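# My questions concern the predicted model and sequence given below.
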Amino acid sequence: MKKRLKKRYMFLGLFVLLIFVMLMASVLGAASISVMDSFKIILSHIPFIGNKIDLTEIPDGHVTIISNIRLPRILLSFLVGYGLSVVGTAFQGMLKNPMADPFIIGTSSGAALGAAIAILLKLNTAFLGIGFVAIFAFTGALMATFLVYNLARIKTKVPVTTLLLAGIATGQFFTAIMSFIMVISSKDITSIVFWTMGSFASRGWTHVQIAFFPIILGSIVLFIFAKDLNLLLMGEESAENMGVEVEKTKKIILITSAFITAFAVSVSGIIGFVGLIIPHITRMIVSPDHRILMPASGFLGGIFLIIVDTFARTIIAPTEVPVGIITALAGGPFFIYLLRTTKKIL
């Protein structure tokens with residue numbers, strides 16, 4: 001009973017923190033908008049409640065800034081942070097590797113190559129409201145995952161060691177091709193490099209719609225396998241003896257994680273370290289039980305990325321710092337700490 005109450009209070013606390021961070025992020029910026037006005041504008045977008053909110057006394061410019069610029073950006077940064085953190089948690093559990101993150105199987109390299117090809121071909125148009133750069137990035141991410149899976153597969157099994165090695169090899173190969181594209185097309189280097197650093201600049205409701213259902217539905221699928229991930233931590237043989245279909249579980253987690261990561265990367269570019277550091281920080285705060293750890297990591301990752309994105313767009317405004325730079329600056333020291341801790345355990 002106490003554990004259930006503690007769990008409920010923890011998630012309630014995370015939800016309250018999320019609302020507070022979203023509200024603060026919507027207020028901060030070049031345009032001076034009061035907290036109360038921002039709160040009213042955000043409430044106006046909530047179904048059933050929105051029609052009852054009076055916005056007549058708020059300037060139209062402020063409504064436009066919150067509704068069309070800041071709010072979709074905040075929601076998108078939450079979704080991406082949420083998705084990457086959930087996938088990072090699942091990978092660390094499945095691979096039993098504390099260094100695992102959503103990009104360990106070459107997904108980011110595939111996405112970067114896809115985006116670089118789209119930029120090289122000058123595909124600046126959109127299809128059904130989705131930019132071709134995002135479409136190519138999504139396709140590249142899935143192709144990389146498919147290639148890694150088939151390289152790692154031995155008959156019907158996918159050993160963890162071969163999966164990691166295949167991911168590293170594929171990632172390096174795709175990165176080399178992208179580097180070659182940058183050499184032969186020096187005019188596009190800035191665009192490619194900026195995309196690979198990750199950013200939520202110029203993102204709107206269309207991007208939120210693209211990412212919302214795949215990330216939420218994908219995370220639900222991963223939650224279903226949370227108990228199996230707990231058993232996998234004890235070893236594949238032990239898990240199999242307890243009724244877990246190990247290879248089937250690994251395949252579903254791998255495919256679902258690839259889809260979540262591909263959609264996240266396609267709308268934001270490559271934002272590293274979120275899927276690595278957030279699961280570890282959450283594990284230190286809450287239980288290592290994946291049934292609690294996974295959703296808590298998702299919430300904390302989303303909150304973290306909202307804070308980072310707000311910092312990125314305000315620190316040297318009007319110039320924006322790519323979000324990936326700040327997450328790398330935060331994640332680098334943590335990665336070193338993690339490496340030293342792991343070395344002591346060994």
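Yep, that arrived.
# A296 looks like it's in a strand, true?
No - counting by DSSP: H, G, I helix; E, B strand; the rest coil, A296 falls outside a strand, being helix.
# from what I can see it touches F11, true?
Yes - here A296 reaches F11: they are 7.3 Å apart, a contact under CB atoms under 8 Å. Yep, even glycine has a C-beta here, placed from its N, CA and C like the rest.
# Looking at those two, which is more packed in?
Here A296 and F11 are compared on neighbour count by other CB atoms under 10 Å; more neighbours surround A296, at 25 against 15.
# And the strands in the chain, which stretches?
Along the chain, the segments classed as strands by DSSP state E run 126-127, 130-131.
# May I ask which helix or strand of the chain has the lowest mean pLDDT?
Scoring the helices and strands of the chain by mean pLDDT, DSSP states H and E places strand 126-127 at the bottom, with a mean of 62.
# Off-centre distance for stretch 263-280?
4 Å (CA atoms, centre = their mean, to the nearest Å).
# low pLDDT regions in the stretch 51-200 of the chain?
In the predicted model, the stretch 51-200 of the chain carries pLDDT under 70 at residues 124-130.
# mind listing the helices for it?
Taking DSSP state H, counting those that start in this stretch, the helices of the stretch 51-200 of the chain run over residues 60-64, 71-95, 107-120, 132-152, 160-184, 189-197.
# nearest residue to the residue sitting nearest the centre point of the chain other than its sequence neighbours?
In the chain, the residue lying closest to the centroid (CA atoms, centre = their mean) is L84, at 2.9 Å. Using CB to CB, 6 or more residues apart in numbering and skipping residues adjacent in sequence, the residue nearest L84 is G275, 4.1 Å away.
# burial count for that neighbour?
31.
# ok, it to F11 distance?
21 Å (CB to CB, to the nearest Å).
# same deal with F223?
Distance from F223 to F11, by CB to CB: 13 Å.
# Identify the contacts common to these two.
Taking CB atoms under 8 Å, 6 or more residues apart in numbering as the contact rule, F223 and F11 both touch P295.
# Look at the residue nearest to L84 and report its pLDDT.
The score at G275 is 88. That number is its pLDDT.
# show me the contacts for it.
84-85, 87-88, 91, 101-103, 301.
# check contacts around V63.
Shown in contact with V63 (CB under 8 Å, 6+ apart): 41, 55.
# roughly how far apart are it and F132?
Distance of V63 to F132, given as CB to CB: 31 Å.
# Please apply the same query to S179.
Going from S179 to F132 by CB to CB gives 21 Å.
# These two - which one has more neighbours?
When S179 and F132 are compared for neighbours, F132 comes out ahead with 19 against 12, by other CB under 10 Å.
# looking at it, the more buried one is touching A118, isn't it?
Yes - assessed by CB under 8 Å, F132 is found in contact with A118 at 5.0 Å.
# shared neighbours of those two, anything?
What both F132 and A118 touch, as defined by CB under 8 Å, 6+ apart, is an empty set.
# Quick check: pLDDT value at the residue lying closest to G83 once chain neighbours are set aside.
Leaving aside its chain neighbours, G83 sits nearest to I215 (4.1 Å; criterion: CB to CB, 6+ apart). On the pLDDT scale, I215 is placed at 93.
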